[in-house]
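Visitor: Please work out how this folds:
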Amino acid sequence: MTASDPVLLACPSCMTANRVPASRLLEEPKCGKCGKALIDGTPAHLDDVTFDKFLARTGLPVLVDFWAAWCGPCRAMAPAFEQVSRSLRSQVRLAKVDTEAAPGLSARFGIRSIPTLILFRNGQESNRMSGALDAASLQRFATGGG
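Guide: Here you go, the predicted model:
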């Protein structure tokens, strides 16, 4: 990918696909439809309705955290996940799926323990890991380093 090549980004608010030049990913691009930030450094919150749209309309890898509010390790990992979302915002989109609110996605991806992290590339699962990670380990996993 060159700096002028467009990157497809789904708006986390309205799910509209936006084309943004790679060189402008760190310039806080806004959605052409709703005007909200496309990459604000926070994970997108996805559910049964928005999940497939977000993956299909995002050209960057997407790291999804399948979690639940009652899960201690999920809550413990949340600050590190937020930190990595900010630091990798132009390279990897981070998203969260509440397994209690999206049981269909949990069943579809065979989520048996949480937190479970799934890395998607081109809309397809490319790697999976269960268990809480620290920020450095999350960053390595998100960028394909294991």
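Visitor: Could you measure from the most centrally placed residue in the chain over to residue 57?
Guide: Centroid-nearest residue in the chain, with CA atoms, centre = their mean: residue 94, separated by 2.3 Å. When distance is defined by CB to CB, to the nearest Å, residue 94 is 16 Å away from residue 57. C-beta coordinates here come from the backbone N, C-alpha and C atoms, glycine included.
Visitor: before we move on, the earlier item: surely the residue nearest to the centre of the chain is within a helix?
Guide: No: counting by DSSP: H, G, I helix; E, B strand; the rest coil, residue 94 is located in no helix; its state is strand.
Visitor: and it, what does it touch?
Guide: Residues near residue 94 by CB atoms under 8 Å, 6 or more residues apart in numbering: 43, 44, 62, 63, 64, 65, 81, 84, 85, 88, 142.
Visitor: can you count the residues close to the first one?
Guide: By the criterion of other CB atoms under 10 Å, residue 43 has 21 neighbours.
Visitor: Per-residue pLDDT of the closest residue to it other than its chain neighbours, please?
Guide: Nearest non-adjacent residue to residue 43, counting by CB to CB, 6 or more residues apart in numbering: residue 94, 4.3 Å away. You'll see residue 94 listed with a pLDDT of 97.
Visitor: what do you get for residue 26?
Guide: Residue 26 is given a pLDDT of 88.
Visitor: So which of the contacts of residue 94 belong to strands?
Guide: Under the assignment DSSP state E, the contacts of residue 94 contribute 44, 62, 63, 64, 65 to strands.
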